[in-house]
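[1] Would you be able to build a 3D model of this:
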Amino acid sequence: SSFRNISLILRLTFNVSVSHTTISNWCTKFAPLFDNMRLKLLPALDFSSDEWHADETVVKVSGQKHYLWFVVDSETRFIVGFHLSPHRDSTQAFCVLNESAKLGKPKAIVSDRYAAYKVPVKSVFTEARHIRVESFKDDISNNLIECFNKQFKAWYKTKQGFSSFSSANNLISIFVFFFNFVRPHS
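    Below is the predicted model:
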């Protein structure tokens, strides 16, 4: 929901009048707290599944194109790692994969055909098989993370871009916390 919708829900449901700006300020203030809780809760979960899916998507930060890299566990559907960067290269893929590797070692990493994943996957996950999805006709697809990107974009669309790099990281960390620990998983 947008901050305006959250404000409306609070007013209609609980008869609490709060401006959308105040809700935005709360998100900025409490985002580090939620991110710390996320970082403490993730190691307690079992991410030793067969596959992790990796992909990147474009977001706007201060009107400039940035890339948001995600790694999603195929069994739990949890976001194992994310990384926001103005660049789209192997260094950024290495950052998100290296951070995700702290939580487990999958048997395979599934990504699209983007070449930036080749070297980072081989160096971070030495035992894992790298499955590069070539077409929609392949036995293994990257539909899981593409579906997640669609959900993220629906949420992101209400923001109409991010005003700064730090606010983007704060809001994305709140989204990741909500997606992993509040939203019900099948």
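[2] When you work out contacts or count neighbours from here on, use the C-alpha atoms and nothing else.
    OK.
[3] Could you list the low-confidence segments of this structure?
    Scanning the chain for pLDDT under 70 picks out the ranges 1, 135-139, 186.
[4] What segments of it are helices?
    3-14, 20-41, 90-100, 118-124, 143-157, 165-177 (DSSP state H).
[5] and these as JSON lines, adding distance to residue 184?
    Shown next, in JSON lines, are those (distance: least, C-alpha to C-alpha, whole Å):
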{"stretch": "helix 3-14", "distance to residue 184": "19"}
{"stretch": "helix 20-41", "distance to residue 184": "16"}
{"stretch": "helix 90-100", "distance to residue 184": "22"}
{"stretch": "helix 118-124", "distance to residue 184": "30"}
{"stretch": "helix 143-157", "distance to residue 184": "14"}
{"stretch": "helix 165-177", "distance to residue 184": "12"}
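[6] now these as a markdown table including mean neighbour count?
    Below are the helices of the chain laid out as a markdown table (neighbours: other C-alpha atoms under 10 Å):
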| stretch | mean neighbour count |
| --- | --- |
| helix 3-14 | 14 |
| helix 20-41 | 15 |
| helix 90-100 | 20 |
| helix 118-124 | 17 |
| helix 143-157 | 15 |
| helix 165-177 | 19 |
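[7] Which one of the ones you listed lies nearest to residue 65?
    Set against residue 65 and scored by C-alpha to C-alpha, the helices of the chain come closest in helix 165-177, at 11.2 Å.
[8] which residues touch the closest one?
    Contact partners of helix 165-177, identified using C-alpha atoms under 8 Å, 6 or more residues apart in numbering, comprise 27, 28, 31, 32, 34, 35, 38, 61, 62, 79, 84, 162.
[9] quick one: the last one and residue 65 touch, right?
    No: the pair formed by residue 162 and residue 65 falls short of the contact definition of C-alpha atoms under 8 Å, at 10.5 Å.
[10] Looking at these two, which one has more neighbours?
    Each of residue 162 and residue 65 has its neighbours counted (other C-alpha atoms under 10 Å); residue 162 has more, 19 against 14.
[11] any idea how far that one is from residue 115?
    Distance from residue 162 to residue 115, counting by C-alpha to C-alpha, to the nearest Å: 28 Å.
[12] about what we covered before: of all pairs in the contacts of helix 165-177, which one spans the longest distance?
    For these, the maximum inter-member distance is 26.4 Å, found between 38 and 62 (C-alpha to C-alpha).
[13] ok, for residue 79, nearest residue in space, not its chain neighbours?
    Leaving aside its sequence neighbours, residue 79 sits nearest to residue 72 (C-alpha to C-alpha, 6 or more residues apart in numbering; 4.5 Å).
[14] residues in contact with that neighbour?
    Going by C-alpha under 8 Å, 6+ apart, residue 72 touches 52, 53, 54, 78, 79, 80, 81, 145.
[15] For the residue nearest to the last one when sequence neighbours are not counted, give the beta-bridge partners.
    Spatial nearest neighbour of residue 145, chain neighbours left out: residue 53 (6.1 Å); criterion: C-alpha to C-alpha, 6+ apart. Following DSSP bridges, residue 53 is listed with bridge partners residue 72, residue 110.
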